[in-house]
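**Q** have a look; sequence and predicted model below, questions after that.
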Amino acid sequence: MRTLYINIKELLQVREENINKVSGKNMKVLPTIKNAYLLIEDDLIKDFGATEDAPKEAIDKVIDASGKTILPSWCDSHTHLVYAGNREQEFVDRINGLTYEEIANKGGGILNSAKTLQETSEEDLYEQSKKRLDTIIKSGTGAIEIKSGYGLTAEAELKMLKVIERLKQNYPIAIKSTFLGAHAVPKEYKTDKDAYVKKIIEEILPQVANAKLAEYIDVFCEDGYFSVADMEAILKAANSFDLKPKVHVNQFNAIGGIKAAVANNALSVDHLEVMKDEDIEALKNTDTMPVGLPLCSYFLSIPYAPARKMIDSGLPFAIATDYNPGSSPSGNMNLVVATACIKMRITPEEAINAATINGAYAMGLSDTHGSITKGKKANLIITKEIPSYGYLPYDFGNSNIEEVVLDGITVS
């Protein structure tokens, strides 16, 4: 099946040669073609260029995209989409003055979600998660990473990962799975965190690896959760199973987690709301992608990752939703892009690069997703008639998506 889009007002993120990521001043460069055509064949991008040069023969379907912009689907590299229930009461508690840490200390937070998930059947968990995935696909996300971490027992963590696997099998969207057993310390290990770390390394991790249910390993490296030493021990154990690190660091405190993550070949370091100069230096000239989570900052009223400073220091930068029930109950990447522009002071070009090509890199999907490149997946966002791509973050309260294409097929 060959489908040809013609008269595209502007075709965004066009890369003649595939590149893995963009960094520093290059993040301000967003290659586009105006009055463009785009040819897709089955599930892949076949060709593109000026409409006047569009192929004339052997086309099954021609679509006139006059006035519309086409860009690659969003790549959301950090989510917790598989969870049970919600934490709306904690939302009210925060309004009434309690901090994230205070809520956690009184039994809320991650432990609250873990209790609910442990009591939820795999089938029910799948049905809840499936509805969220349907929603984010319609909002333009074409690749997503999903973490476990709301189980905190071997049985419940494996249940989450099995649900992620079922979603992979039943949906066309690219899904990457991450084992996050070290998300919080369960109540029964409150006075003996070392025993829980040992349980992760010796009991849960081998089961996850042997079942081939995860591609990445994550640790919440933060005061009150897991130390740098805990993280290094877990990452070292995961390395023997070929699980690559993607880790939570520097959300509330800078405790040396970034330097340690880089030393352990982390694909990404995520959150980064609190950054010291030495953290930025540790990321320079490495293969580790810094990932900001602006909706978490928005929802919790905590500082935003200093994206402007990181990019101006020459680093690459990606953005993701952190979709989860406690600190970012939204999977809307359009809102992420807008919030990054409004609150992190990055340009629309930088935000779109962060949400496409760099987001794909942060999931190990650079070869197939994140740009309009020949041979990559035909995963597309087709906008309504808009003045320019800068209108997408500007008009943050409204959806400007007319159509979503996954693997060459219109899904919304």
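**A** Noted; the coordinates are in hand.
**Q** need the strands for the stretch 201-350 of the chain, in chain order.
**A** For the stretch 201-350 of the chain, the strands defined by DSSP state E, counting those that start in this stretch occupy 216-221, 244-249, 268-271, 289-292, 318-319.
**Q** from those strands, which stretch is densest packed?
**A** Among the strands of the stretch 201-350 of the chain, strand 318-319 has the highest mean neighbour count (mean count of other Cβ atoms under 10 Å), at a mean of 32. C-betas here are computed from N, CA, C, even on glycine.
**Q** in its sheet, which strands sit next to it, and in what direction?
**A** Each strand paired with strand 318-319, and its direction, by DSSP bridges: strand 289-292 (parallel).
**Q** ok, back up a step: which of the strands of the stretch 201-350 of the chain sits closest to Ala340?
**A** Between Ala340 and the strands of the stretch 201-350 of the chain, the tightest spacing by Cβ to Cβ is seen for strand 318-319, at 5.0 Å.
**Q** now the closest one: mean pLDDT?
**A** Across strand 318-319, the average pLDDT comes to 98.
**Q** same check, this time on stretch 5-24
**A** Stretch 5-24 comes out at a mean pLDDT of 96.
**Q** and the helices in the stretch 201-350 of the chain?
**A** 205-210, 228-239, 257-263, 277-283, 294-300, 307-312, 333-344, 348-355 (DSSP state H, counting those that start in this stretch).
**Q** three-state assignment of Pro155?
**A** I think there's a mix-up here, since residue 155 is Glu and not Pro. Following DSSP: H, G, I helix; E, B strand; the rest coil, Glu155 is assigned to helix.
**Q** with adjacent residues omitted, what lies nearest to it?
**A** Gln118 (7.8 Å; Cβ to Cβ, 6 or more residues apart in numbering).
**Q** sorry, back to before: pipe the strands of the stretch 201-350 of the chain into CSV and attach distance to Pro55 per row.
**A** Shown next, in CSV, are these (distance: least, Cβ to Cβ, whole Å):
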stretch, distance to Pro55
strand 216-221, 40
strand 244-249, 40
strand 268-271, 39
strand 289-292, 36
strand 318-319, 34
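**Q** tell me which of the ones you listed lies nearest to Glu127.
**A** strand 216-221 (24.9 Å).
**Q** got the angle between the closest one and helix 228-239?
**A** Orientation note: strand 216-221 sits at an angle of 170 degrees relative to helix 228-239 (axes from the mean of the first three to the mean of the last three Cα atoms, to 10 degrees).
**Q** so what touches strand 216-221?
**A** 145, 147, 149, 176-180, 182-184, 205, 226-228, 230-231, 234-235, 238, 243-249, 255, 257, 260-261, 267 (Cβ atoms under 8 Å, 6 or more residues apart in numbering).
**Q** swap the cut-off to 6 Å and go again
**A** Here strand 216-221 makes contact (Cβ atoms under 6 Å, 6 or more residues apart in numbering) with 147, 178-180, 182-183, 226, 231, 234, 238, 243-249, 257.
**Q** was I right to think the residue nearest to Glu155 contacts Leu158?
**A** No. In this structure, Gln118 is not within contact of Leu158 by Cβ atoms under 6 Å, at 11.8 Å.
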